[in-house]
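> Would you be able to build a 3D model of this:
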Amino acid sequence: MSTSARRRRRANIPAGAAAFLWLVIVAVPLYILVASTVQSRSSYLENGPLSLPGEFTLDSYRRVLEGDFPRYLLNTLIVTVACAAIVIVLAVTVAYSIIRTRTRLSRRVFQIFLLGLAIPSQAVIIPIYLIITELQLYDTLLAIILPTAAFSLPVSVLILVGSMRDIEEEQYESMALDGAGPARVLWQLVVPMTRGGISTVGVFSALGAWNGFLFPLILTQSRENRVLTLGLYDYIGEFRVDIPALLAAVVLSIVPIFTAYLFARRQLINGLMGVGGR
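Predicted coordinates:
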């Protein structure tokens, strides 16, 4: 059998057609998203979302950046960084305690964290609202940060426990023979060996905080404490919707978190696979 015949025989036409269909499904919304932002409002309304831009303009981005978008972006960055930092610090220490103590209490703690995976935030939003109000944190960024970090902890602890279980017991014993205490073992052995898991936890918690909508909606009220997900409502009025400006704000809000994902994607994949980034 010739080489060309073998190649034709190996061709998987259904798989190629499915891949092309998936490409179209992904590409068309992205095209509409980007193309709509470089059109004027009148051109968009006349030609529709699938048409080529009749006149290229960045006026939508100008209107967005001249409004309150920079403030919303700063608030979202503060919430995201704070949530990721809190989750990483707590999840690493909790997972390390669960792995190293191996007592009935640590097993119960781990089970409680796993129980948190089954509790949706919508089911407890009223108790959270009452607690935040009693703590006098309503309409502050801290009111968003604390519950967002709390709901990211269960899966974060689960990921890090799996990563830390990959560390050989002999390595812990070697550190103990060198006179290392728990803090030194954590900092010099566990953290370097679980970089992948920690990166996964950081990206996961950051994505959750960046895209969070329920807690900002219920626990904040003023424009000064709005985040991006709520700020998009600025372009939706009672009788009109500024679609080019709305989609321009969406594009600008995607760029920071997408950039962070590009830099951390390898560690993220390794962490999800349980490799631990070693």
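> Look up how far Ile198 lies from Ser205.
11 Å (Cβ to Cβ, to the nearest Å). For every residue, glycine as well, the C-beta is placed using N, CA and C.
> ok, and the closest non-adjacent residue to the residue at minimal distance from the centre of the chain?
Geometric centre of the chain, nearest residue: Leu207, 1.0 Å, by Cα atoms, centre = their mean. Sequence neighbours aside, Ile257 is the residue nearest to Leu207 in space, at 6.5 Å (criterion: Cβ to Cβ, 6 or more residues apart in numbering).
> The one you found should be in a helix, yeah?
Yes. Counting by DSSP: H, G, I helix; E, B strand; the rest coil, Ile257 is located in a helix.
> how near is Asn18 to Leu30?
Careful, residue 18 is Ala and not Asn. 19 Å.
> Can you find the helix or strand of the chain with the lowest average pLDDT?
helix 3-10 (a mean of 55; mean pLDDT, DSSP states H and E).
> How is this protein divided into domains?
3-57, 63-277 (automatic domain parsing).
> which of the ones you listed is buried the deepest?
Mean neighbour count (mean count of other Cβ atoms under 10 Å) peaks for domain 63-277 among the domains of the chain, with a mean of 17.
> after the lengthiest helix in the chain comes which helix or strand?
In the chain, assigned by DSSP state H, the helix with the most residues is helix 69-101. Next along the chain after helix 69-101, taking DSSP states H and E as the criterion, comes helix 104-115.
> so how far is the longest helix of the chain from its chain's centroid?
The gap between where helix 69-101 is centred and where its chain is centred comes out at 11 Å by Cα atoms, centre = their mean, to the nearest Å.
> How about stretch 170-189?
32 Å.
> what does stretch 41-48 give?
Relative to the centre of its chain, stretch 41-48 is centred 33 Å away, using Cα atoms, centre = their mean.
> low-scoring stretches of the stretch 1-150 of the chain, by residue?
Residues of the stretch 1-150 of the chain meeting the criterion pLDDT under 70: 1-11.
> Could you rerun that using 50?
Along the stretch 1-150 of the chain, the model assigns pLDDT under 50 to residues 1.
> counting contacts, what elements does the helix or strand harbouring Ala18 pack onto?
Following DSSP H and E, one finds Ala18 within helix 13-37. Counting contacts by 3 or more Cβ pairs under 8 Å, 6 or more residues apart in numbering; DSSP states H and E, helix 13-37 packs against helix 243-272.
> ok, back up a step: after the helix or strand containing the residue nearest to the centre of the chain, next one along is what?
Taking DSSP H and E as the definition, Leu207 sits inside helix 195-210. Per DSSP H and E, the first helix or strand lying C-terminal to helix 195-210 is helix 214-219.
> List of residues touching that next one?
With contact meaning Cβ atoms under 8 Å, 6 or more residues apart in numbering, helix 214-219 is reached by 121-122, 125, 128-129, 132, 137-139, 143-144, 147-148, 226-227, 229-230.
> Which of those residues fall within helices?
Of the contacts of helix 214-219, the ones assigned to helices by DSSP H are 125, 128-129, 132, 143-144, 147-148, 229-230.
> Adding distance to Ala91, write the residues you listed out as CSV.
Putting the ones in helices among the contacts of helix 214-219 into CSV (distance: Cβ to Cβ, whole Å) gives the following:
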residue, distance to Ala91
Ile125, 23
Ile128, 20
Tyr129, 25
Ile132, 22
Ala143, 21
Ile144, 19
Pro147, 16
Thr148, 14
Thr229, 24
Leu230, 27
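> which of the residues you listed lies closest to Gln188?
Thr148 (30.7 Å; Cβ to Cβ).
> what residues are up against the closest one?
Thr148 touches 79, 83, 208-209, 212, 215, counting by Cβ under 8 Å, 6+ apart.
> could you dump these to JSON lines with distance to Arg265?
Formatted as JSON lines, the contacts of Thr148 follow (distance: Cβ to Cβ, whole Å):
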{"residue": "Val79", "distance to Arg265": "22"}
{"residue": "Cys83", "distance to Arg265": "20"}
{"residue": "Gly208", "distance to Arg265": "17"}
{"residue": "Ala209", "distance to Arg265": "18"}
{"residue": "Gly212", "distance to Arg265": "21"}
{"residue": "Phe215", "distance to Arg265": "27"}
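> with these in mind, which one is nearest to Asp178?
Closest approach to Asp178 among the contacts of Thr148 (Cβ to Cβ): Cys83, at 35.5 Å.
> Without its sequence neighbours, what residue ends up closest to the closest one?
Nearest to Cys83 is Ala209, by Cβ to Cβ, 6+ apart, at 3.9 Å.
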